[in-house]
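>>> what follows is a predicted structure for the sequence shown.
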Amino acid sequence: MCNPTYALTAISVASSAMQYQQGKAQQQAQYAQQKRQNDLARKNAIQRYATEQLRIRQELKKSAQADYEGTIKSRRIRSEYISEAGDAGGLAISGSTAALLKDYYRTQANYKNSITNNMNLNISQFERNLEAIQFGQESQSTYVSPPNPHLLFASSALNVANTYYSLEAQKEAKGLMTNRQKRKYYTDDEGDKY
């Protein structure tokens, strides 16, 4: 005759084994999803970094080109006034020409200073954008928890043990003999069976 406790325990073992396999597969799928999420966040950050770096390089190039063009223009104008002063018959520059040249030097210096200030603002914004990209990557990333089959197995084993001891406690509560009591009853003190 089959002991019902053993039969129910065997069913519990089979159920726990299936739950273990299902839990293990679920943990592996979740781990793979977490890694994919982090890969996507990293790729997105790399793409945004590249875009920001391209933009700042373009701004630097545009700023350098504007500075170059301003320098060429001011040199051309200064050379025209200096040559006009030389054509007027003297090596000395007249007061009005000197004042005009000073005005061009001041204007050129203001222009270059403006370009430098704008570029510093762009660089500062670029650095803040890079920090925002890094923060965005961190916020899009997820904690990666690798599968832990040992914990799943221990949990399944404890579930089986819990089922067995629950059934034994139910028997004892109903006044029936538990498996432990049966083994003790049918074995005498010296280990001989009746």
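Yes, it's here. Residues are numbered from 1 along each chain as shown.

>>> what about the nearest residue to K24 once chain neighbours are set aside, distance to N159?
Excluding the flanking residues, the one nearest K24 by C-beta to C-beta, 6 or more residues apart in numbering is P149, at 5.3 Å. C-betas here are computed from N, CA, C, even on glycine. In this view, P149 and N159 are 15 Å apart by C-beta to C-beta, to the nearest Å.

>>> those two - which one has more neighbours?
Neighbour count, other C-beta atoms under 10 Å: between P149 and N159, N159 has more, with 16 against 13.

>>> the strand or helix carrying N117 packs against which elements?
Taking DSSP states H and E as the definition, N117 sits inside helix 95-140. Contacts defined by 3 or more C-beta pairs under 8 Å, 6 or more residues apart in numbering; DSSP states H and E place helix 95-140 against helix 4-87.

>>> now for the helix or strand of the chain with the lowest mean pLDDT, which elements pack on it?
When the helices and strands of the chain are compared on mean pLDDT, DSSP states H and E, helix 179-185 comes out lowest with a mean of 70. In terms of contacts (3+ C-beta pairs under 8 Å, 6+ apart), helix 179-185 is packed against helix 149-173.

>>> so which bits of the helix it packs on are buried?
Neighbour-count burial for helix 149-173 flags 152, 156, 159-160, 163-164, 167-168, 171 (criterion: 16 or more other C-beta atoms under 10 Å).

>>> model confidence over that helix, on average?
Helix 149-173 shows a mean pLDDT of 79.

>>> helices and strands around that helix, which ones?
Going by 3+ C-beta pairs under 8 Å, 6+ apart, helix 149-173 lies up against helix 4-87, helix 179-185.

>>> what separates the first one from the chain centre, distance-wise?
The offset between the C-alpha centroid of helix 4-87 and the centroid of the whole chain comes to 9 Å, using C-alpha atoms, centre = their mean, to the nearest Å.

>>> packing partners of that helix?
By 3+ C-beta pairs under 8 Å, 6+ apart, helix 4-87 packs against helix 95-140, helix 149-173.

>>> in a markdown table: the ones you listed, plus distance to K24.
As requested, the helices and strands packed on helix 4-87 are exported to a markdown table (distance: least, C-beta to C-beta, whole Å):
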| stretch | distance to K24 |
| --- | --- |
| helix 95-140 | 27 |
| helix 149-173 | 5 |
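
>>> out of these, which gets nearest to A29?
With C-beta to C-beta as the measure, helix 149-173 is the member of the helices and strands packed on helix 4-87 nearest A29 (13.6 Å).

>>> show me what that closest one is in contact with.
If you take C-beta atoms under 8 Å, 6 or more residues apart in numbering as the criterion, helix 149-173 is touched by 4-5, 8-9, 12-13, 16-17, 19-20, 23-24, 27, 177-181.

>>> now which of those residues would you call buried?
Those of the contacts of helix 149-173 that meet the buried threshold are 5, 9, 12-13, 16, 20, 23-24, 27, 178, by 16+ other C-beta under 10 Å.
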